[in-house]
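Undergrad: Here is my input, please return the structure:
(chains A and B)
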Amino acid sequence: MFIIKNKWIFITFAAILSVAAVVVISVKGLNLGIEFTGGSVVEVSYEETPQLAEINAALAGFDFNALVQPFGDDGYIIRTRELTEADRGVLMAALELNEQTPQLERFNTIGPTIGSELRSKALLSIILVAFAIIIFIAFAFRKVAEPVSSWKYGLIAVVALFHDVIIPLGIFALLGKEATTLLVVGLLSIIGLSVNDTIVVFDRTRENLNENHSDNNKEPFAQTVGRAIRQTMARSINTSLTLIAVLAALLVFGPDATKDLAFILLLGTFFGTYSSIFLASPLLVAWNKKKDTE
Amino acid sequence: MNRIIMRLLAVTLLIGGVLLGWFIATSNDTKPFQLGLDLSGGTHLEYKALISEIPEADRKDSMEALRDVIERRINLFGVSEPSVQTETARLGQDEKQYRLVVELPGVTDVQQAIDMIGQTPLLEFKEQNPELSLEEFQAALSFETARLIEDQLSEELVATLDNADEAFVATELTGAHLKRSRLEFQQAGGGNALNTGAPIIALEFNKEGAELFEQITERNVGNIVAIYLDGAPISTPVVQQKITGGEAVITGSFTVEESKQLVGRLNSGALPVPVELLSTESIGASLGADAVNAGMIAGLYGLIFVGAFLLLYYRLPGLIAVLALGMYGAIMLTLFKVIPVTLTAAGIAGFIISVGIAVDANILIFERMKEELKHGRGAYDALRVGFDRAWLSIRDGNISSIISAVILFWFGTSLIKGFALTFGIGVLVSMITAITLTRIMLLAIAPVRVTKIVRALFMSGFNK
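TA: Residues are numbered from 1 along each chain as shown, chains lettered A, B, ... in the order given. So this is what the prediction gives:
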């Protein structure tokens, strides 16, 4: 089969992208939002929106470390150091421009401990999920331990999971988009989808192996896996298409607040589909080959 | 026979789905969706409880007492459906942080929200540090103060009790044990004759508090028991004898106006432990509403596309998938209302992803069905076998998703929990609807023979 024959091309491609993503994340770093670092974010809207320069000028005299970004049609998001209530009053007074009192849409202040807690909890739960998945898949595939032992299916599913999460994250870092709690939600969603997707293709390999076994059919493992990929191809593509359609709608028509979420989910769906077709199953074959030549 | 039962079941299910849809559409007044603060607008406050003075074993109780006091306090202001929860967070190895999380839907003025809670008085009773000798104790307070203690402290002298924190240690008796307080006036002959007619504040403890107060006064006869308000000693009387009956008085140089205010504050609940604001979050209602509307529109477009795709690509089974997914949606929304699940942006994301997985289950079934039809099975058989084969992938894929959801729910922060809950319920329900709804409806319409028309209805999208 084409994909299995050229597996190294596809695996290398995925590996290069993953490594590039890791490099981008570690060199450029994620633009962490206040949810992670602590600080304040103020969102205001105006009847007649002043220019960005006016806002910046109004805040120049204070020590808020303010970073102002336009948001939506009539508002601004201002990120600052952690503001006290008194600071907020000063800030809101400073934002009264052209005799307009801005509408305060959102005021969030997050202490540094809460930020680090979210970071460590998100990380801890993702690691636990990865372990649980390896164990579950090893268990679910225990009857097809030949020629590839079942825990390898689990490990490969987690490798694919890592690929699906790290590349969108790398692209996010590359674009310098702000990492907020919604990014965490996006990554969690990708985890949920990625493993589901990978298991469906693995399941077909499992079924084919069982059939071969009962038919006493001596099909090479590479062919069995290739057949599974081909058999599940229509499903993989159709499912991804429907998801991509929903997410694209969310990106185009959805609220500004969830555009980044839709974006990262789109990336996750794309790379998740790639990994379940071009990475996970080819890795199964590659790992088996290696064992044969030893 | 079997087919008749299937058809009856299918019709019943469809009617059930319509009924659920009707329930969702009409119950918005009686049982509305519970929206999280990020969607409904409101204020989210997180406090850290400064609980280090309280013995490890009593901390849980103190936190419960704290929660009750704050809850009572907020209810006084008529906030609808506030949520006050305690939380412990592990910081590092042994350090535990006790937190109070307050959610006030509809309150978008942070200042107002903070004041609401911030004005809750903190009432504590402290006794002399037993590790200090009398000399050390007196040294800890300034000499002047110590001399004047018996004479009742005046306001300016409170400020000189700089070292009081060293001299006094906490007792178990706190504002949580306060039943009520009232304003009284000093009787002639009691205390300092000069103060006759001065306002005093009488405190009445609940049963537990009365016992505690009795014990504390019993072991402290001749010593000072300091009454702390908002972290400062406001009254430091010397205990003359054991006090039973659970009444104490705060004397101090209050004006009548100040005393009235203090009584009011105390009666609306006094904090058992001090709290410190960690984070605030406020979301304007309009922001939430806009987001919900735009999200609904986007969701609608997305669903229309998915429905059209399923119909065009899978034809008759596609129609069944659309019906099954519609019912799946109705079941989920009903569950959200009935359980109830508080919907946040993260929770809705979890729901959308679970819809994706539900669509996937249908696609898996249809693809297997088409394969079996291709292998020359009869339509009814193809449906059965295709279904059974697809079920294994659906089962294992979904179990892995549910495992993820459970772990995320267990270990996550509230944001992650919100996602994990709807995602987990969504996947579980999608699995159940795939093996019931889709299956029953498919079997209900399965033709016995594979004719040309049947092929056209079932096999499109398959060109070989």
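Undergrad: State the distance from the nearest residue to residue B:64 once chain neighbours are set aside to residue B:57.
TA: Leaving aside its sequence neighbours, residue B:64 sits nearest to residue B:86 (C-beta to C-beta, 6 or more residues apart in numbering or on different chains; 7.1 Å). In short, each C-beta sits where N, CA and C put it, glycine included. Distance, residue B:86 to residue B:57, by C-beta to C-beta, to the nearest Å: 16 Å.
Undergrad: Specify which residue of these two has the higher count of neighbours.
TA: residue B:86 (17 against 7; other C-beta atoms under 10 Å in any protein chain shown).
Undergrad: Any idea how many residues pack against whichever residue of the stretch 101-250 of chain B sits closest to chain A?
TA: Minimum separation of the stretch 101-250 of chain B from chain A (C-beta to the nearest C-beta) falls at residue B:110, amounting to 5.3 Å. Per other C-beta under 10 Å, the neighbour tally for residue B:110 reads 22.
Undergrad: related to what we said a few turns ago, pretty sure the residue nearest to residue B:64 contacts residue B:68?
TA: No. Contact criterion C-beta atoms under 8 Å: residue B:86 and residue B:68 do not qualify, at 10.3 Å.
Undergrad: Could I get the full set of strands for the chain?
TA: Chain wasn't specified; assuming chain A. A:31-32, A:39-45, A:67-71, A:75-80, A:103-110, A:178-179 (DSSP state E).
Undergrad: The intended chain is chain B.
TA: So, for chain B - with DSSP E - the strands run B:34-35, B:42-49, B:83-91, B:95-105, B:123-128, B:168-174, B:178-185, B:199-205, B:225-229, B:232-235, B:247-250, B:275-283, B:342-343.
Undergrad: between the strands of chain A, which gets nearest to chain B?
TA: Of the strands of chain A, nearest to chain B by C-beta to the nearest C-beta is strand A:103-110, at 3.8 Å.
Undergrad: re earlier: could the strands of chain A go into a markdown table alongside mean neighbour count, mean pLDDT and distance to residue A:57?
TA: Listed next are those as a markdown table, based on neighbours: other C-beta atoms under 10 Å in any protein chain shown; pLDDT from 0 to 100; distance: least, C-beta to C-beta, whole Å:
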| stretch | mean neighbour count | mean pLDDT | distance to residue A:57 |
| --- | --- | --- | --- |
| strand A:31-32 | 14 | 84 | 24 |
| strand A:39-45 | 23 | 85 | 15 |
| strand A:67-71 | 16 | 83 | 10 |
| strand A:75-80 | 21 | 86 | 13 |
| strand A:103-110 | 23 | 78 | 20 |
| strand A:178-179 | 21 | 84 | 23 |
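Undergrad: Using CSV, lay out those together with distance to chain B.
TA: Listed next are the strands of chain A as CSV, based on distance: least, C-beta to the nearest C-beta, whole Å:
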stretch, distance to chain B
strand A:31-32, 15
strand A:39-45, 7
strand A:67-71, 10
strand A:75-80, 9
strand A:103-110, 4
strand A:178-179, 13
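Undergrad: Tell me which of those lies nearest to residue B:125.
TA: For residue B:125, the closest of the strands of chain A is strand A:103-110, at 33.2 Å, according to C-beta to C-beta.
Undergrad: Going by contacts, tell me the helices and strands next to that closest one.
TA: helix A:34-37, strand A:39-45, strand B:275-283, helix B:285-338 (3 or more C-beta pairs under 8 Å, 6 or more residues apart in numbering or on different chains; DSSP states H and E).
Undergrad: Neighbours of residue A:140, how many?
TA: 22.
Undergrad: State the pLDDT value of it.
TA: pLDDT, residue A:140: 88.
Undergrad: Check whether it really touches residue B:396, as I assumed.
TA: Yes. Using C-beta under 8 Å, residue A:140 is in contact with residue B:396, at 5.0 Å.
Undergrad: what's the overlap in contacts for the two?
TA: residue A:199 (C-beta atoms under 8 Å, 6 or more residues apart in numbering or on different chains).
Undergrad: sorry, back to before: tell me which of the helices and strands packed on strand A:103-110 sits nearest to residue A:165.
TA: helix A:34-37 (16.7 Å).
Undergrad: And the contacts of the closest one?
TA: A:40-41, A:79, A:108-110, A:112, A:115-116, A:118-119, A:179-181.
Undergrad: Local confidence estimate at residue A:182?
TA: 79.
Undergrad: hang on, it packs against residue A:258?
TA: Yes. Taking C-beta under 8 Å as the definition, residue A:182 is a contact partner of residue A:258 at 6.9 Å.
Undergrad: so what sits against both of the two?
TA: B:345, B:349.
Undergrad: Dump the helices and strands packed on strand A:103-110 into JSON lines; add distance to residue A:219 as well.
TA: Listed next are the helices and strands packed on strand A:103-110 as JSON lines, based on distance: least, C-beta to C-beta, whole Å:
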{"stretch": "helix A:34-37", "distance to residue A:219": "50"}
{"stretch": "strand A:39-45", "distance to residue A:219": "58"}
{"stretch": "strand B:275-283", "distance to residue A:219": "58"}
{"stretch": "helix B:285-338", "distance to residue A:219": "30"}
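Undergrad: Can you check which of these gets nearest to residue A:271?
TA: When the helices and strands packed on strand A:103-110 are compared (using C-beta to C-beta), the closest one is helix B:285-338, at 20.1 Å.
Undergrad: Check the offset of the closest one from the chain's centre.
TA: Centre-to-centre, helix B:285-338 and its host chain are 28 Å apart (C-alpha atoms, centre = their mean, to the nearest Å).
Undergrad: Domain-wise, how is the chain divided?
TA: All of this refers to chain A. The record's domain parsing of chain A by automatic domain parsing lists A:2-34+A:113-293, A:39-110.
Undergrad: Switch to chain B, please.
TA: Using automatic domain parsing, chain B is parsed into the domains B:2-37+B:284-458, B:42-120, B:123-267.
Undergrad: Output those in TSV, with mean pLDDT appended to each entry.
TA: What follows is these, written out as TSV (pLDDT from 0 to 100):
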stretch	mean pLDDT
domain B:2-37+B:284-458	84
domain B:42-120	77
domain B:123-267	70
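Undergrad: most neighbours per residue, which of the ones you listed?
TA: For those, average neighbour numbers computed from mean count of other C-beta atoms under 10 Å in any protein chain shown are highest in domain B:2-37+B:284-458, which has a mean of 20.
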